[in-house]
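Participant: Provided below for reference: sequence and predicted model.
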2 protein chains.
Amino acid sequence: MDEAEFLASYDPRAYPPVAVTVDVVAFTIRQDELTVLLVRRACPPSEGMWALPGGFVREWEDLPTAAARELAEETGVATAHRRLHLEQLGTYGAPDRDPRMRVVSVAYLAFAPHLPDPVPGSDARVAAWTPVGEATDSTYGLAFDHATILADGLERARSKLEYTPLATKFVGEEFTVAELRAVYEIVWGEPLHAGNFHRKVLSVPGFVESTGGVTERGGARGGPRAKLYRAGDARLLHPALLMPSREETVR
Amino acid sequence: MDEAEFLASYDPRAYPPVAVTVDVVAFTIRQDELTVLLVRRACPPSEGMWALPGGFVREWEDLPTAAARELAEETGVATAHRRLHLEQLGTYGAPDRDPRMRVVSVAYLAFAPHLPDPVPGSDARVAAWTPVGEATDSTYGLAFDHATILADGLERARSKLEYTPLATKFVGEEFTVAELRAVYEIVWGEPLHAGNFHRKVLSVPGFVESTGGVTERGGARGGPRAKLYRAGDARLLHPALLMPSREETVR
DNA sequence: AAAATAGTGTCTTTAAGACACTATCCG
DNA sequence: CGGATAGTGTCTTAAAGACACTATTTT
């Protein structure tokens, strides 16, 4: 029996119930750390454990809309938050990933600069921005398969920094090259050469464009004022900015 | 109401019915053309139109297992076909993508060398390997949103050739550099420089390894026998083989 | 004044691409 | 033999990385 036949003879009681949910891996940078939004589960199973925010997809709701709504419910960020980047990460549907029933979850990845502290929702859930170093620790005990989803999201974010202008989604509308470099260093977890990075960023067509302005003040511990840039119109970076440590990590 | 609360109070009749299906974009190369497996729909809606093979996910079945099963049902290829590559492409869940009910479809991408002619299933469906040039023609009229899924699959395949050893999945266990080059030329749709390609492939660590053997005969129209290689152990290609035309296509 | 930072210059090494060339094999 | 193909050599250019250096600003 194929899809067509099955659906032609569709009867809600004739097949096993499946729930479709969205889970959101929302990253933001706070205090020079990459953090992910987690919520504390208020009911079984895994009551009291941390989990990714997520929930049931509503009847007439598109998948990305559902993801944006779930994020908004936790953070109070308007769904149409101007600088929010949302992309599909993958779908997780192992039959036993939720002990109660078959749940297929479509995971989304969200990036935004300086997202606010979670707003306690009307249902008074606890949500918190958690450093990814803690959240990916195997002893942290995320609920369900959320540790896998988070790991996949982190890997996606790291590699998207290489060949897309994703880093500009983590900084404000106007930013300095040093701020952009900080994003790379924080997400990749290793220091970059300031001079070479500077030249490289400016040499990639469409990555950033100058606003003409400079910062009000120099660096916190000294140094000249930095020129300001905004995101350019490139969708892909050519040539790409490759992670330094890729060489040996690769095989 | 969040996911946890919803599921805690789960009752199959309390929420709108959703079906979860898998659709498979299966690529193989036949007669120097990239082809995709399509089936002709035997019942409404879109009766008689071509569509990607796919179907309902069974109760205790994992998502990739469901995709492999759907492919096997059309091609007769054993699910454990030794050289079949299967990866998740994305999930398509627009509320109106199927007129009958809410259907969320998880699309998979499959690659294999020389897949056989489709075996008419027990239900006598018609299936055929169709050149992607025809299938992606906007007048070809694929059912549902399958034109979008196919386009996404093609784009994924093209870019995966760049930085992964995916091309080795389209050729036999042992292959020549020229055969590998043909894969790139067919999928990318443009000729490559034979000499530079040869040197490049051999210079990427872990891409291919020599078997020590050579072909029985030279090229069909002359030329020396070619050395034989098998896939190496690299998961990523460093440095990558970038598409020639990327330069201006990018922004 | 001291220290830190923004930004540039330059050199070395690696990789990509263009082109040429030889050796081998088919018909 | 003529033509096509496998594989290599070499040169030019682009890009990555290491290092040095100047100018500017903060404390």
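Facilitator: Thanks, I have it. Residues are numbered from 1 along each chain as shown, chains lettered A, B, ... in the order given.

Participant: of all residues in the stretch 51-200 of chain A, which one is closest to chain B?
Facilitator: Residue nearest to chain B within the stretch 51-200 of chain A (Cβ to the nearest Cβ): A:G55, separated by 3.9 Å. For the C-beta atoms, the positions are set from N, CA and C on the backbone; glycine is no exception.

Participant: A:T21 is in contact with that residue, correct?
Facilitator: Yes: here A:G55 reaches A:T21: they are 6.0 Å apart, a contact under Cβ atoms under 8 Å.

Participant: which stretches of chain A form strands?
Facilitator: Per DSSP state E, chain A carries strands over the ranges A:18-30, A:33-40, A:50-51, A:54-56, A:85-92, A:102-111, A:127-131, A:208-214, A:227-231.

Participant: below-threshold pLDDT in the stretch 51-200 of chain A: ranges please.
Facilitator: A:77-82, A:119-124 (pLDDT under 70).

Participant: spell out which parts of it neighbour DNA strand C.
Facilitator: A:T176, A:V177, A:A178, A:A194, A:G195, A:N196, A:H198, A:R199 (Cβ under 7 Å from any atom of the strand).

Participant: now those residues: which count as buried?
Facilitator: Listed as buried from those are A:T176, A:V177, A:H198; burial here means 16 or more other Cβ atoms under 10 Å in any protein chain shown.

Participant: what residues does the stretch 51-200 of chain A put near DNA strand D?
Facilitator: A:H193, A:G195, A:N196, A:K200.

Participant: neighbours of the last one, how many?
Facilitator: Right, A:K200. Using other Cβ atoms under 10 Å in any protein chain shown, the number of residues around A:K200 comes to 17.

Participant: about what we covered before: tell me which of the buried ones among the residues of the stretch 51-200 of chain A next to DNA strand C fall in helices.
Facilitator: In helices, judged by DSSP state H, the following of those are found: A:V177, A:H198.

Participant: out of the buried ones among the residues of the stretch 51-200 of chain A next to DNA strand C, which comes closest to B:F207?
Facilitator: The nearest member of those to B:F207, counting by Cβ to Cβ, is A:H198 at 33.4 Å.

Participant: for that closest one, which non-adjacent residue is spatially closest?
Facilitator: A:V177 (5.1 Å; Cβ to Cβ, 6 or more residues apart in numbering or on different chains).

Participant: quick check: the farthest pair among the residues of the stretch 51-200 of chain A next to DNA strand C?
Facilitator: Pairwise distances across those (Cβ to Cβ) peak at 16.3 Å, for the pair A:T176 and A:N196.

Participant: could you tell me the end-to-end distance of stretch A:117-132?
Facilitator: Across stretch A:117-132, the terminal residues are separated by 16 Å (Cα to Cα, to the nearest Å).

Participant: ok, stretch A:228-243 next?
Facilitator: 24 Å.

Participant: does DNA strand C sit close to that stretch?
Facilitator: No: if you take Cβ under 7 Å from any atom of the strand as the test, stretch A:228-243 misses DNA strand C, and the best it gets is 8.2 Å.

Participant: list the buried residues of that stretch.
Facilitator: A:L228, A:Y229, A:A231, A:G232, A:A234, A:L236, A:L237, A:H238, A:A240, A:L241, A:M243.

Participant: go on, stretch A:147-158?
Facilitator: A:A147, A:I149, A:L150, A:A151, A:D152, A:G153, A:L154, A:R156, A:A157, A:R158.

Participant: which one among the residues you listed gets closest to B:L142?
Facilitator: For the buried residues of stretch A:147-158, the residue nearest B:L142 by Cβ to Cβ is A:R156; the value is 28.4 Å.

Participant: so what's the closest one up against?
Facilitator: By Cβ atoms under 8 Å, 6 or more residues apart in numbering or on different chains, the contact set of A:R156 is A:L89, A:L109.

Participant: same thing with A:L237?
Facilitator: With Cβ under 8 Å, 6+ apart, A:L237 has these contacts: A:E162, A:Y163, A:T164, A:P165, A:V204, A:F207.

Participant: swap the cut-off to 10 Å and go again
Facilitator: Neighbouring residues of A:L237 by Cβ atoms under 10 Å, 6 or more residues apart in numbering or on different chains: A:161-167, A:200-201, A:204-207, B:250.

Participant: top of the residues you listed by neighbour count?
Facilitator: Using other Cβ under 10 Å as the neighbour criterion, A:A167 leads the contacts of A:L237 with 27 neighbours.

Participant: for that one, what are its contacts?
Facilitator: Per Cβ under 10 Å, 6+ apart, neighbours of A:A167: A:111, A:157, A:160-161, A:175, A:179-184, A:186-187, A:201, A:207-208, A:231, A:237, A:241.

Participant: great, nothing more from me.
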